[in-house]
Structures are given as structure tokens and as C-alpha cells.
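Colleague: predicted model follows, preceded by the sequence.
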Amino acid sequence: MGIAAAATMLFGVTACSTGPATSGEEAGPNESITIDYLHRLPDGEGMTKVADIIAEWNTAHPDVQVTATKFDGKAAEMLTKLKADVKAGSVSCLAQLGYSEVPTMYTEGMLENVTDLAQGYVDNFSAGAVALMTVNGETVGLPQDTGPLVYYYNAAEFERLGLTVPTTADELAAATTAAAAAGKYAVAFQPDEAQYWLSGQTAAAGAAWFTAEDGKWSVDVSDAGTAKVASFWQGLIDTKSTLVANRWGDEFKQALVDQTLIGTIGAAWEAPLLAGDMAGSANEGQWAVVELPTFGATQMTGPDGGSGVAVMKGCAHPAEAMDFNNWFNTQIDPLVSQGLVVAAKGAMTTPDSIKSFYGGQDVFSVLAAANESLSPDFIYIPGFPAVNGDMVKAADAAGQGTAPVMDIFTAAQTSAIAALTSAGLPVAK
Amino acid sequence: MSTLTRPTAPERLVTEQRAQANRRRRRREGRIGWGFFAPFAILFVLTFVIPILVSIRSSFFTEKAAGDSLYGGGGMVETFAFLDNYAQVLGNATFWEGMGRVLLFGAFQIPVMLGGALILALLLDSFIVRRVAFFRLSYFLPYAIPGVIAALVWTYIFSPGLSPINQTLGSISEWLTGLLGNNVDLTIDFFAPGTIIASMATMTTWTFMGYNMLIFLAALQAIPHDLYEAARLDGAGEFDIVRRIKVPMVGQATLLAVLLSIIGTVQLFNEPTVLAAVNPWMGNDYTPMMLAYSSMMGTTSPSGAGPASAVSISMAVIAGILAAIFALVQKRSTR
């Protein structure tokens, strides 16, 4: 009984993942081909729906019909589904992958090499983002959006407390300490987001945890940038100047709404989410966004999320798929309405709802500028998703004050080496 | 005379024909029997036997990158690892910590839940309660609510800022503080590392008590009522009947309920997963089942179907050993 239940649990994963098989059909001269596209876009209220964007393509291209399916589970579950589908030969031609997941999927042999097909399109996208869709010199798809870290703050409260808008980490720490004296928090330490949020900050400080050394992976968190981020948060946690709250918990949202939390380091894609969290509160029209205060010597930020659309292994029509991929990801306005900071080149217009929340600011011009200053050195290893659990646990302990912040990064190092070793990849000792 | 001792030729023919007809009927019945068995057998093999075999096979393999360059060789190769995955599981402190947690959980939760279920069943089986059907359904109702939904509801009840329990306890504390002069705080942190197991135990007890009550109630209602009459004639009161007839007679049902609970406990997943979403310190490997799931999803190392299967099968073996020990102990004590 026990074995059975445990085994069906495992088997169930494969069993429930047989998606529609359409990518394998060969098109005759007058027949149309079908491209499947699996995504995790929000498709929320007031956004231009993915289905509507694609309907436009389908009308213009009767011979290449695209079917989009939204995956409602977690990112890790989507990867497992895609792997099972590739093995079963029924995978969607195109799938949304987080940049940090691309190396993992590449190593597992789940992606098509579309370097040649991509040549005609890559110039439509920012070079940094294209690099994130390129592994081992092979381009596997096109970028969709990026998640550079920026700093959001309540400008009205800052003015009331006489705080200056910080441009460096030290100024941010000073502003946070001053705000704390007035019972407010100018930043929040977010244990649940530790993996990307903190690694992004170390990237902004100039860290590159993962580098190649004589054909082997070198994993090292003992650099000055990582130490800077650790000491920044350690100081604020020790003096209780920062709010410690999970990004996706009720406490965080509550603190925003009642204006205890008047600033936060967040990814670019949080702009509409923060506005949504505080909709209908006194915060409307009071917030503003600036580029991330510098943690290192120059104006640089780090990645916190962002994804591209990859061509999955076994896609029967990679050329048509890439043609659509390029078209879809250059539909700037509809994608911006989905809350994305697009990777495509071209001006983004800040939607009115966001503009009014941020006091009329042209939010997307700041986000686009942040995009330009993304660290080019911070890359992800295959197996990076497996590093999450240990980092979050360590971050929670650090937030409680029971362990030093640096432990989070040590945990990341140990966990990353374990992930590489487990996948049979070479690690420099 | 001779007709009695030796059958005539026509008679022999008749017997022969009868025997043939019998054989035919038996064959037909056999076919019908197999026909009735087939739907079960096919489903059993497809959904039970094959997954178990696949899982056992996969637990002896690992997936390694096909090449030894930085990003492997653009694919994974399945390599026979024999017992490596099991050695990994048995040497994994996280696995044993998780196992320790679920066993600690079970040691308290199972007796409380089954004791409560037995008391509820005895009450419904007694003459005290009218409208048995209504109570039976209401006790069973929590089991009908999907586990994740129930866990979400409980998360709200336990959540530090929103807990209605803590709001009540908070007002009582304030009142007591005013009364006694020194600071009284009765509020409970349901999510603290020391209390979260108790919080989960409360959630599962609420869900499964009614379910186990049904098992006991069915056993109680199967007891012939003339036993009670005989006992009453001998001067036994209602409590004597409960103690000397009803409780001993539900022994088999208790065995079933305990075995199911042990297996359920070792596989504890829904409650800790939902709680871990709001308590990141729990991680994604708080219980062995969560470890298996995370291995499968690639969110912990080592990852993949092989390590995940090894965790699952180790769990099953441990649950099996525990169940066997309990069955043996019960057999000894009733003998």
C-alpha cells in the first residue's frame, strides 16, 4: 500500500503531463501547421490577453497556427512537465523558461539549438537578454522580459521624513536607519525571495558566483560584492532597522498598505504588483521608482527573474516557431500590459494605471534604463533551481537573527556544488 | 439386476454427455469469472503494479550529464547506480530529520485522533444520540474537503496576524493583564518551529477523525445485538457493555485504522507544503514526502526520478516495517 501510493505519486507526475501532441505533424502544401506555446504569463484583469495577441498572428498567418496554453502550476512543475513531454515526443514547440532554468534544461538535452535561425532576429532584442538565452555558444530561443532590481519608495513619506532618495547602498542604509527612528521601514528583507533577490543584489555589487575555470565550474561566494551585500543586510537586521517579511506573505502587503513599509528593493516586474497590492489605499500616486542604489563602484544592477521563450527539443517546425517567437516577443505594448519589462528593443509606454500610481512618473523609462545596466557577469549554473531551498532556509534564520546573513551565500555555494556534482558536471576543487 | 450394476450403452452415453456439459459449463463459468475479474485486474496492473515496478527500477538508476564539458553534452544518460540512490537516502540527514518529524507527529496525533474517533463512534452507536445520520455526515464532512483547501483554511486560523484564536486569546490576555497588574500573554505562535508540528497534527486530526469514526462505527454496527441483551440479562450496565463487548470487538477495525494512519503519517505532504509556503524556514524537504517531491521537481539535490524513487521506496519500506510491528504487537496482546 505504502509503496503503491508513493510510486503512483511519482508516476502521476508523468501521467498527468501528456499535453496535446501537435508539433510532430508534417504540413502538406495546402495544409497549415500548428505550433504549441506553453507560457506562464499572468493574463490578468485589464491586460491584453495572450489569446488576443495570438489571434492577430493566426489571422495574418493561416498556414502557421499558434495555440497558446497557460501553465498554472509552479515553475519547477512546468520544467518537470516539459521534460516528460520531450521524452514522450509530445512537447510544445515553444515554452517559457526562466533565464536561470535555461542552463538546466540545456544540460538535460531539452532544448533545440536554433543559433542559425536566431541570426535574423537577435538584433531586435537587447544583447544582454539574448546572452541569457544562449548556453555554451548555442542560442536556444529568444528573450521575453527581464527583471533588473530597482528601488521603489514612497516619495511623499520620504519627503515628510526629510529623507533623500538614495543613490548608493550606504545612503540607503542611512535612510533606512533614519526612517526606523520614525517608526518606518525603508527596505524589507525578504527570506522567501532569497535565491534570486539576494543573488541579484550580489550581481549588482559585482559578484559572479559561477565562473568557468579550465573547463570546470568554479563556485565562489567569497568576493567583495557578496560580502558588501551581506554586511549591508546584517547591519540593518542587527539594528532592527529593516522589516523582515516574506515577499508573498500577508505581513508584507499589510506593511505596504498601512505605510509602515515605505521602500523596497524589487525586480522591475514588481512595478504593477506593488501598485496592485496598494490599490485603493492612501499610497496611490505617492510612490516612485529609481535605479538600484549602487552596491559596487558603478551604476549596475542584477537580475531577479525574467524569462525567454525557448524552442523545445523535437519541435518539428523550428523555423516557423522562431518566426512567431520573434513576432510575439516584439509586441511591446501588449507585453507591457502583462507587466513585463520587455527584452525587445523599442520604447515602452507606461500604462496609465501604473503611471497614476507612481505619481505620473514614466516608470518604464527607469526600468528600461535599469535593464541597460544589468551585470553581464552573473550567469547561472545547470541545476540552479535546486539551490533555492537551502538559501531560503538560511535567509529565514538570518532574518530571525539566529544566523549571520553570510550563511545564506555559503549555503548557496554548498548547494550549488551539490547540484553540479549530482548532475555529473565538472567542478573545480 | 444387471441394469443396477452395469450401465447400459445408452446410459453410458447420457453420463458422458452430462459430464461434457458440466465441463463446458465450468469452462464457461470460468470465462465469465475471468471476465468479471478482468476490469479490476487490468486497472490493478496498469495503475498499481506497473507504477511500482517502474519506480523500483528507476530507483536503481541516476541521470548524469552525457559529456564532461561545462554544460554536459546536451543530454542526460541514465546510468545504473545499483544501491547508490539508497545509500544517498539513508545517509541523508534531511531524510531522517523529516522521518523523525513525521514519527513524532504520528506518536501523538494517531492515538489522539483514533481515541477521539472511537469515542465519537461509541456515542453514535449508543442510545444517547438521535439523528445519527446527521451527525455521521457532519463528522465525516471535513474528510470530503480537499486537503489543500483545508490546509489553507487552517493556515488562516493559525496565521499570526489574522488568527481568530489569537484575537480571542489576546483580548483575554488584556483583560487578565488589567486584572492582575502584570503582563499576561496567552497568544500562541502556531507557526513557531516548536509548535508547528502540533498545528499540523490539529489539521490532520480535524480532517481524519470523522473518517476513522466511520471505520469504527461500521465495526460497531456489525456486532450482533443479542450479545448486548445477554450482557444486560447478566446485569451489565452500558459502560460494562462498552468496555467488555464493544471495544474488544472493534479490534480488527482498530488495526485497519492504525495501519492506514501510519501510512498516511509517513506520507505527510499537503499540510506541511501549504504551511511551508508561508513559513519558508520549513524548506522544501520538511517531511520525507516533500523531499521526494522536491527531488522529482529538481528543486533539491540530488534530483531526478532515481533519487526521488529511492526516497519513496525507503518511505514505503519504513511504513511497512512500522505497520508490521504494530500488527505483531496487537496480535501478541490480544492472544
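Modeller: Alright, I've got the coordinates. Residues are numbered from 1 along each chain as shown, chains lettered A, B, ... in the order given.
Colleague: from here on, just use CA atoms for contacts and neighbour counts.
Modeller: Will do.
Colleague: which parts of stretch B:128-145 are buried?
Modeller: For stretch B:128-145, the buried set under the neighbour-count rule, 16 or more other Cα atoms under 10 Å in any protein chain shown, comprises B:136, B:139-140, B:142-143.
Colleague: for stretch A:292-308, same thing?
Modeller: Buried positions in stretch A:292-308, judged by neighbour count with 16+ other Cα under 10 Å: A:292-296, A:299-308.
Colleague: what's the span of that stretch, first residue to last?
Modeller: From the first residue to the last, stretch A:292-308 extends over 23 Å; the measure is Cα to Cα, to the nearest Å.
Colleague: which residue does the stretch 51-200 of chain B bring closest to chain A?
Modeller: At 3.7 Å from chain A, B:Gly75 is the closest residue in the stretch 51-200 of chain B, using Cα to the nearest Cα.
Colleague: and the residue lying closest to that residue once chain neighbours are set aside, which of the three is it?
Modeller: Residue nearest to B:Gly75 in three dimensions, not counting chain neighbours: A:Gly109, with 3.7 Å by Cα to Cα, 6 or more residues apart in numbering or on different chains. Secondary structure for A:Gly109, judged by DSSP: H, G, I helix; E, B strand; the rest coil, is coil.
Colleague: how many residues are close by A:Gly109?
Modeller: In terms of burial, A:Gly109 registers 22 neighbours under the definition other Cα atoms under 10 Å in any protein chain shown.
Colleague: average pLDDT across stretch A:269-280?
Modeller: Averaging pLDDT along stretch A:269-280 gives 91.
Colleague: pull out the buried residues from it.
Modeller: Neighbour-count burial for stretch A:269-280, with 16+ other Cα under 10 Å as criterion, is recorded at A:269-272, A:274-275, A:278.
Colleague: mind pulling the model confidence for the closest residue to A:Phe378 other than its chain neighbours?
Modeller: Nearest in space to A:Phe378, with sequence neighbours left out and distances taken as Cα to Cα, 6+ apart, is A:Ala208 at 4.7 Å. pLDDT for A:Ala208: 93.
Colleague: and A:Ala208, which helix or strand is it part of?
Modeller: When elements are assigned from DSSP states H and E, A:Ala208 belongs to no helix and no strand.
Colleague: quick one, what contacts it?
Modeller: Shown in contact with A:Ala208 (Cα atoms under 8 Å, 6 or more residues apart in numbering or on different chains): A:202, A:220-221, A:377-379.
Colleague: of the buried residues of stretch A:269-280, closest to A:Tyr152?
Modeller: The shortest gap between A:Tyr152 and any of the buried residues of stretch A:269-280 belongs to A:Ala271, at 8.1 Å (Cα to Cα).
Colleague: give me the pLDDT value at residue 139.
Modeller: No chain in the question, so chain A it is. Per-residue confidence for A:Thr139 comes out at a pLDDT of 95.
Colleague: actually it's chain B I care about, not the one you picked
Modeller: According to the model's per-residue confidence, B:Tyr139 sits at a pLDDT of 90.
Colleague: how close does it sit to B:Phe208?
Modeller: In this structure, B:Tyr139 and B:Phe208 are 9 Å apart, going by Cα to Cα.
Colleague: show me what contacts A:Gln286?
Modeller: With contact taken as Cα under 8 Å, 6+ apart, A:Gln286 is in contact with A:154-157, A:357-359.
Colleague: mind checking how far stretch A:258-271 is from the chain centre?
Modeller: 16 Å (Cα atoms, centre = their mean, to the nearest Å).
Colleague: list the contacts of it.
Modeller: Residues outside stretch A:258-271 that contact it (Cα under 8 Å, 6+ apart): A:146-154, A:157-158, A:183-188, A:197, A:243, A:252, A:255-256, A:283, A:292, A:303-305, A:339-341, A:354, A:367.
Colleague: can you give me the buried ones in that stretch?
Modeller: When neighbours are counted by 16+ other Cα under 10 Å, the buried residues of stretch A:258-271 are found to be A:259-271.
Colleague: for stretch A:373-380, same thing?
Modeller: With burial defined by 16+ other Cα under 10 Å, the residues of stretch A:373-380 counted as buried are A:373-376, A:378-380.
Colleague: roughly how far out does whichever strand or helix holds B:Leu220 sit from the chain middle?
Modeller: With elements taken from DSSP H and E, the one containing B:Leu220 is helix B:196-221. What separates the centre of helix B:196-221 from the centre of its chain is 11 Å, taken as Cα atoms, centre = their mean.
Colleague: quick revisit: buried ones only from the contacts of stretch A:258-271, please, as a ChimeraX command.
Modeller: Provided next is the ChimeraX selection string for whichever of these are buried by 16+ other Cα under 10 Å:
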select /A:146,147,148,149,150,151,152,153,154,157,158,184,185,186,187,188,197,243,252,255,256,283,292,303,304,305,339,340,341,354,367
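Colleague: from the contacts of stretch A:258-271, which ones fall inside strands?
Modeller: A:146-154, A:188, A:243, A:303-305 (DSSP state E).
Colleague: for the most centrally placed residue in chain A, give me its contacts.
Modeller: If you average the C-alpha coordinates of chain A and look for the closest C-alpha using Cα atoms, centre = their mean, you land on A:Gly305, 1.0 Å from that point. With contact taken as Cα under 8 Å, 6+ apart, A:Gly305 is in contact with A:98-100, A:146-148, A:196, A:267.
Colleague: tell me the one of the residues you listed nearest chain B?
Modeller: Sorting the contacts of A:Gly305 by distance to chain B puts A:Ser100 at the head of the list, at 12.5 Å, by Cα to the nearest Cα.
Colleague: just give me the neighbour total for that closest one.
Modeller: Neighbour number of A:Ser100 under other Cα under 10 Å is 23.
Colleague: so it, which state does it fall into?
Modeller: Under the three-state scheme (three-state DSSP), the conformation of A:Ser100 reads as coil.
Colleague: pop the domain breakdown of chain A in here.
Modeller: Each structural domain of chain A that the record assigns through automatic domain parsing is listed here as a residue range: A:13-144+A:306-347, A:148-303+A:358-422.
Colleague: counting neighbours, what do you get for B:Thr265?
Modeller: B:Thr265: 24 neighbours (other Cα under 10 Å).
Colleague: now for the chain, the helix or strand with the poorest mean pLDDT.
Modeller: Answering for chain A, as no chain was given. Of all helical and strand segments in chain A, the minimum by mean pLDDT, DSSP states H and E falls on helix A:2-15, at a mean of 39.
Colleague: all the strands of chain A, residue numbers only.
Modeller: A:33-39, A:64-70, A:94-98, A:134-135, A:138-139, A:141-154, A:188-189, A:210-213, A:216-219, A:243-244, A:263-267, A:287-291, A:303-311.
Colleague: format those as JSON lines; extra columns: distance to A:Leu117.
Modeller: Shown next, in JSON lines, are the strands of chain A (distance: least, Cα to Cα, whole Å):
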{"stretch": "strand A:33-39", "distance to A:Leu117": "16"}
{"stretch": "strand A:64-70", "distance to A:Leu117": "17"}
{"stretch": "strand A:94-98", "distance to A:Leu117": "14"}
{"stretch": "strand A:134-135", "distance to A:Leu117": "13"}
{"stretch": "strand A:138-139", "distance to A:Leu117": "9"}
{"stretch": "strand A:141-154", "distance to A:Leu117": "9"}
{"stretch": "strand A:188-189", "distance to A:Leu117": "43"}
{"stretch": "strand A:210-213", "distance to A:Leu117": "27"}
{"stretch": "strand A:216-219", "distance to A:Leu117": "29"}
{"stretch": "strand A:243-244", "distance to A:Leu117": "47"}
{"stretch": "strand A:263-267", "distance to A:Leu117": "31"}
{"stretch": "strand A:287-291", "distance to A:Leu117": "35"}
{"stretch": "strand A:303-311", "distance to A:Leu117": "11"}
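Colleague: so for B:Ala117, which of those sits nearest?
Modeller: Checking the strands of chain A against B:Ala117 by Cα to Cα gives strand A:243-244 as the closest, at 41.7 Å.
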